[in-house]
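1. please work out how this folds:
(one chain, ligands or ions: 1)
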Amino acid sequence: MSNDRRAELLGTAQALLEHLQLLLGGRICIPAQNAQNTTPAQRAEMDTSEVPQVPPRKDNRRRLQLDVSTLVPMASIFEQQGDFLAAQSLDELYQCIHTCTKCPLGTMRTNFVFGTGNPSADIVFIGEAPGADEDLKGEPFVGRAGQLLTKILAAINLERSDVYICNILKCRPPNNRTPQPSEIEQCKPYLYKQLSLIEPTFVVALGLTAAETLLGRKLKMSRVRGEWFDFYGARLIITYHPAALLRNPELKRDSWEDVQKLRRAYDEFLRSGVLPEPIGHVE
Ligand code: URA
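-> Purely as a prediction, here's the structure:
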């Protein structure tokens, strides 16, 4: 092929790519134009300065961005379930980790409780650990607390299938005791990988165990509930665990305020792409 013909073809391809880029609002990368391969006439034809610029894509998709490999100690990457970090989807992740017995809870469970809901949800709700009903069914929040969570979601116009629901731990602690720090440490990489695949915009920590695990420090519910925190680019809000609302119905009022605040922030985000200002972040 002659040099002129090659230059002509390259010029045409470049022009096509630039038009495509304009159409897509700058969402594709084009290698720098090689001026030596185009004629002045072709460059004039390709000059897009006269073409009205498509405004930048109104990108409402501000989401959690998390490189899990930076959070997981190298040693554990090569232990069992080691390849979970390479999972490209929630299904793949489930396949990698559902036989986990890294901690004793794995040998006691009936079912591994991975999580349910929309795999690309804007909002993820995170509880503490499966209880007896969840262990039997293999699904999070299906017992009494779960039924209350379903009602709370309905009160802000969300169905369970709109959001994603999971827990800090994937296996039930005996007698529903509070998870131990070592159990949380071993299970946390699975949750973080899960979150990095879902890439939510909002995360709701249900109760202090979830909140303290996600923010990495001790917290006082009375100080932090209903406040916004940055969570790897997403916004995290803390509210009472539904089981706490069943034990203390007087907390429902605060919980109602918190979820209304979530709904307003979500609506604002859908409208304008703007997220609430956080008062703190992960430590
Ligand atoms: N409590 C939780 O924290 N998670 C569940 O899945 C059920 C009850």
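2. how far out from the middle of the chain is stretch 196-210?
-> 7 Å (CA atoms, centre = their mean, to the nearest Å).
3. so for that stretch, mean pLDDT?
-> In this model, stretch 196-210 has a mean pLDDT of 98.
4. list the buried ones in that stretch?
-> 196-210 (16 or more other CB atoms under 10 Å). Backbone N, C-alpha and C define where each C-beta goes, glycine included.
5. got the contact list for the closest residue to the ligand within the stretch 101-250 of the chain?
-> Closest to the ligand within the stretch 101-250 of the chain is Gly127: 2.8 Å, counting by CB to the nearest ligand atom. Gly127 is in contact with 140-141, 145, 149, 165-168, 206-207, 210, 241-242, counting by CB atoms under 8 Å, 6 or more residues apart in numbering.
6. can you redo these as CSV with secondary structure and distance to Glu268?
-> Below are the contacts of Gly127 laid out as CSV (DSSP: H, G, I helix; E, B strand; the rest coil; distance: CB to CB, whole Å):
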residue, secondary structure, distance to Glu268
Pro140, coil, 28
Phe141, coil, 26
Ala145, helix, 29
Leu149, helix, 23
Ile165, strand, 23
Cys166, strand, 25
Asn167, strand, 28
Ile168, coil, 28
Leu206, strand, 22
Gly207, coil, 26
Ala210, helix, 24
His241, coil, 26
Pro242, helix, 25
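7. could you check the pLDDT of Asn175?
-> 97.
8. measure it to Asp135 for me?
-> 12 Å (CB to CB, to the nearest Å).
9. look at those two and report which has more neighbours.
-> Asp135 (22 against 7; other CB atoms under 10 Å).
10. the more buried one belongs to a helix?
-> Yes. Applying DSSP: H, G, I helix; E, B strand; the rest coil, one finds Asp135 inside a helix.
11. so it makes contact with Arg109?
-> Yes. With contact defined as CB atoms under 8 Å, Asp135 counts as touching Arg109 (5.9 Å).
12. need the overlap of contacts for these two.
-> Joint contacts of Asp135 and Arg109 (CB under 8 Å, 6+ apart) are 171-172.
13. quick one: buried residues of whichever strand or helix holds Asp230?
-> Using DSSP states H and E, Asp230 sits in strand 228-231. Across strand 228-231, burial judged by 16+ other CB under 10 Å covers 228-231.
14. how about the strands of the stretch 51-200 of the chain, start to end?
-> For the stretch 51-200 of the chain, strands defined by DSSP state E, counting those that start in this stretch occupy the ranges 116-117, 123-127, 164-167.
15. what ranges does the stretch 101-250 of the chain have for its helices?
-> With DSSP state H, counting those that start in this stretch as the criterion, the stretch 101-250 of the chain has helices at 105-108, 132-137, 144-155, 181-198, 208-215, 221-224, 242-247.
16. and the angle from the fifth one to strand 123-127?
-> Angle between the axes of helix 208-215 and strand 123-127 is 120 degrees (criterion: axes from the mean of the first three to the mean of the last three CA atoms, to 10 degrees).
17. now the angle from helix 208-215 to helix 181-198?
-> If you take the same axes, to 10 degrees, helix 208-215 sits at 70 degrees to helix 181-198.
18. now helix 208-215, how far from the centre of its chain.
-> Offset of helix 208-215 from its chain centre (CA atoms, centre = their mean): 16 Å.
19. got the contact list for that helix?
-> Against helix 208-215 from outside (CB under 8 Å, 6+ apart): 126-129, 167-168, 178-179, 184, 188, 203, 205, 218-219, 221, 224, 229, 231, 236, 238, 241, 280-283.
20. that helix and the ligand, any residue contact?
-> No. With CB under 6 Å from any ligand atom as the measure, helix 208-215 is seen stopping short of the ligand, the closest distance being 7.6 Å.
21. over to the third one?
-> Yes. Against the ligand, helix 144-155 shows contacts by CB under 6 Å from any ligand atom at 145-146.
22. what's that helix packed up against?
-> strand 123-127, helix 242-247, helix 252-272 (3 or more CB pairs under 8 Å, 6 or more residues apart in numbering; DSSP states H and E).
23. save those as JSON lines, and put in mean pLDDT too.
-> Conversion of these to JSON lines gives the following (pLDDT from 0 to 100):
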{"stretch": "strand 123-127", "mean pLDDT": "98"}
{"stretch": "helix 242-247", "mean pLDDT": "98"}
{"stretch": "helix 252-272", "mean pLDDT": "98"}
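24. which stretch among the ones you listed comes nearest Tyr192?
-> Nearest to Tyr192, of all the helices and strands packed on helix 144-155, is strand 123-127, at 10.9 Å by CB to CB.
25. no further questions, thank you.
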